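> Please work out how this folds:
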Amino acid sequence: MLVCLNGKWKIPIGYFLQAKSTAAIQASLVTTAITMANDIGLCVRAVTCDGTSTNISTISKLGCQMSGVYSEIIEYFTIPGVEQKIYYIPDACHNLKLARNALATYQVFKTNDNCEINWKHIQNLHKAQKNIGLNLANKLTATHLDWKKNIMKVKLAAQILSSSIADALEFFQNLKDPNFINCKETIHFIRAIDRLFDFLNTRNPFGKGFKKPLYKGSIENMKNIILPIIEYLLSLTDVKGLPLYLTPRKTFLIGFAIAVKSVFAMAEDLFNSNLNYNYLLTYKCSQDHLEILFSKIRQRLGNNNNPNVVELKTSLKKMLLKNAISSSYAANCMAFDNTSESIFEIRWRKKFKDLLNTDSSEESLSSISLFQSFEGQDFDVVKDNILYYICGFIVKNLIKKIDCSTCTDNLLENNFNEHNYNHKYKYSMLIDV
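Numbers count the residues shown, from 1 in each chain. Modelled structure (predicted):
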């Protein structure tokens with residue numbers, strides 16, 4: 001599949017029906033596809049795939065070096081007859097799932113200071129939230145912990161290695177909870193993975209923080225932030241002291257490292273060329289586009305996971321001419337844009353109605369019954385922090401609409417830092433009025 005870096009089109013160019021393939025065959029097919037695209041004037045800048053052993057062997061045959069420390073990695077390859085370098089960018093979503101799988105399997109990672117990154121801290125967080133009856137601004141459930149039954153779901157891996165989980169762990173750590181006393185390094189690891197994934201998954205030109213696009217003037221600044229994260233991950237070891245990048249679970253580490261190196265190098269090439277690139281969205285180099293295409297094919301065939309040759313050819317022909325099928329909600333990844341694989345673009349004159357114009361006075365009966373079921377229970381410090389957090393959010397929005405300085409001063413209390421949710425950390429979004 002070809003995906004446009006500076007446009008909205010994406011189109012499948014070939015599919016080979018066979019049970020398995022060797023690295024030599026795949027390397028030949030990649031070379032042929034890039035050469036054919038180059039012959040018609042398309043400039044291929046990067047190749048994306050997941051981290052299976054065959055794919056890694058394919059990229060190695062093409063000329064990339066994916067072992068050792070960051071400086072030893074060779075992130076690009078060349079093809080005779082093609083002028084530009086072609087960078088290898090491993091799929092960020094697969095790397096995220098592999099990071100979750102590695103931590104859950106090994107249970108413990110160790111840092112240079114002999115501190116532990118422990119999967120048990122996430123399990124303790126789930127138990128604590130279950131006892132309280134409320135989640136502290138995160139989506140952690142038993143489904144997230146039972147990851148082997150949902151190993152392909154990207155959103156579950158993204159939700160468990162997210163800043164919201166790190167915030168909840170930090171909250172309980174500040175409360176001096178005995179189950180979260182030594183979770184500082186676990187918080188650091190989760191934040192590192194979350195920031196790295198956001199950087200490699202930018203899809204909105206107006207994004208902020210780590211989700212903003214890569215601009216020419218921001219490359220050096222982002223290098224100063226992202227490269228130390230890569231060095232930190234490559235310094236981690238297992239419980240026996242063996243570096244993680246030498247263990248069987250090394251794929252996510254090497255994948256993140258080569259993806260970061262490729263993105264920076266490709267961005268510099270694009271911005272230094274005369275192609276008028278204003279920014280780079282790293283989501284363009286994701287395998288999600290291919291996953292969504294396969295989901296649409298399965299949807300067109302009535303959720304058929306094993307179509308025959310005739311069914312597949314018919315589905316692809318119909319989708320190339322006119323595609324009105326959306327991907328399944330239960331697919332491995334979610335579609336975040338409305339870009340079609342069709343050759344002809346079809347637009348509806350009728351605009352979608354604004355679903356946000358609903359009656360705000362109506363309350364969910366399920367939410368009311370939930371709070372009534374906990375009425376009379378004592379949440380102690382956790383309850384107080386939740387209430388103050390909600391009050392802070394209300395005040396933050398009120399002061400944007402109030403012109404009276406006296407009213408604003410009465411709503412705010414200077415140097416108020418009693419509650420544990422009110423903490424700050426670098427490169428993060430804050431509730432700070």
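> CA only for contacts and neighbour counts going forward, please
Fine.
> Next secondary structure after the least confident helix or strand in the chain by mean pLDDT?
Ranking every helix and strand in the chain by mean pLDDT, DSSP states H and E puts helix 365-373 at the bottom, with a mean of 52. Along the chain past helix 365-373, the next helix or strand (assigned with DSSP states H and E) turns out to be helix 380-398.
> Can you tell me what sits against whichever helix or strand comes after that following helix?
Downstream of helix 380-398, the next assigned helix or strand under DSSP H and E is helix 405-411. For helix 405-411, contacts defined as C-alpha atoms under 8 Å, 6 or more residues apart in numbering pick out 395, 399, 402.
> Most neighbours among the residues you listed, please name it.
Within those, neighbour counts (other C-alpha atoms under 10 Å) peak at Ile399, which reaches 17 neighbours.
> For Ala267, see how far away the nearest residue to Lys284 once chain neighbours are set aside is.
Nearest residue to Lys284 in three dimensions, chain neighbours excluded: Leu5, at 5.9 Å (C-alpha to C-alpha, 6 or more residues apart in numbering). According to C-alpha to C-alpha, to the nearest Å, Leu5 and Ala267 sit 11 Å apart.
> joint contacts of these two?
Common neighbours of Leu5 and Ala267 (C-alpha under 8 Å, 6+ apart) are Leu280.
> hmm, back to that, contacting residues around the residue nearest to Lys284?
Neighbours of Leu5 in contact, by C-alpha under 8 Å, 6+ apart: 280-281, 284.
> Of these, which belong to strands?
Assigned to strands by DSSP state E, none of these qualify.
> And these, which is closest to Ala137?
Leu281 (27.9 Å; C-alpha to C-alpha).
> Surely Val82 and Thr35 touch.
Yes - assessed by C-alpha atoms under 8 Å, Val82 is found in contact with Thr35 at 7.0 Å.
> Looking at these two, which is more packed in?
Using other C-alpha under 10 Å as the criterion, Val82 and Thr35 rank with Thr35 on top: 19 against 15.
> Would you map the strands across the stretch 201-350 of the chain?
Shown for the stretch 201-350 of the chain, no strands are assigned by DSSP state E, counting those that start in this stretch.
> where's Ser405 relative to Ala46, distance?
In terms of C-alpha to C-alpha, Ser405 sits 54 Å off from Ala46.
> Comparing those two, which residue is more hemmed in?
It is Ala46, of Ser405 and Ala46, that has more neighbours when counted by other C-alpha under 10 Å, with 20 against 10.
> how about the more buried one, phi and psi?
phi -150, psi 160 (degrees, to the nearest 10).
> SS state for the closest residue to it other than its chain neighbours?
Distances taken as C-alpha to C-alpha, 6+ apart place Tyr87 nearest to Ala46, at 4.4 Å, with adjacent residues excluded. Look at Tyr87: counting by DSSP: H, G, I helix; E, B strand; the rest coil, its state is strand.
> Could you pick out the longest helix of the chain?
helix 251-272 (DSSP state H).
> Could I get the buried residue list for it?
251-267, 270-271 (16 or more other C-alpha atoms under 10 Å).
> what helices or strands is that helix leaning on?
Helix 251-272 sits against strand 86-88, helix 92-106, helix 219-234, with contacts defined as 3 or more C-alpha pairs under 8 Å, 6 or more residues apart in numbering; DSSP states H and E.
> what sits up against stretch 67-78?
So stretch 67-78 is contacted by 62-66, 84-89, 230-231, 234, 245, 254, 257-259, 261-262 (C-alpha under 8 Å, 6+ apart).
> Could you give me the PyMOL syntax to select whichever of those residues are buried?
Selecting only the buried members of the contacts of stretch 67-78 in PyMOL, with burial defined as 16+ other C-alpha under 10 Å, works like this:
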select buried, resi 62+64+65+66+85+86+87+88+89+230+234+245+254+257+258+259+261+262
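> from memory Ser57 sits against Ser21, does it?
No - assessed by C-alpha under 8 Å, Ser57 is found out of contact with Ser21, at 11.4 Å.
> Can you tell me how far the closest residue to Ala259 other than its chain neighbours is from Lys223?
Distance criterion C-alpha to C-alpha, 6+ apart; nearest residue to Ala259, sequence neighbours excluded, is Ile89 at 4.6 Å. Using C-alpha to C-alpha, Ile89 is found at 17 Å from Lys223.
> where do the strands sit along the stretch 1-150 of the chain?
2-3, 10-11, 46-47, 76-77, 86-88, 108-110, 116-118.
> State the mean pLDDT of the fourth one.
Taken as a whole, strand 76-77 has an average pLDDT of 94.
> What strands line up against that strand, and which way round?
Strand pairing for strand 76-77, using DSSP bridges, gives strand 86-88 (antiparallel).
> Residues contacting the partner strand, please?
With C-alpha under 8 Å, 6+ apart, strand 86-88 has contacts from 44-48, 59, 64, 75-78, 258-259, 262, 266.
> Mind doing that once more with 10 Å?
34, 43-49, 59, 62, 64, 74-79, 255, 258-259, 261-263, 265-266, 285 (C-alpha atoms under 10 Å, 6 or more residues apart in numbering).
> ok now it, how far from the chain's centre?
20 Å (C-alpha atoms, centre = their mean, to the nearest Å).
> Check stretch 253-265 too.
Using C-alpha atoms, centre = their mean, the offset of stretch 253-265 from its chain centre is 15 Å.
> Likewise for stretch 237-251?
Using C-alpha atoms, centre = their mean, the offset of stretch 237-251 from its chain centre is 23 Å.
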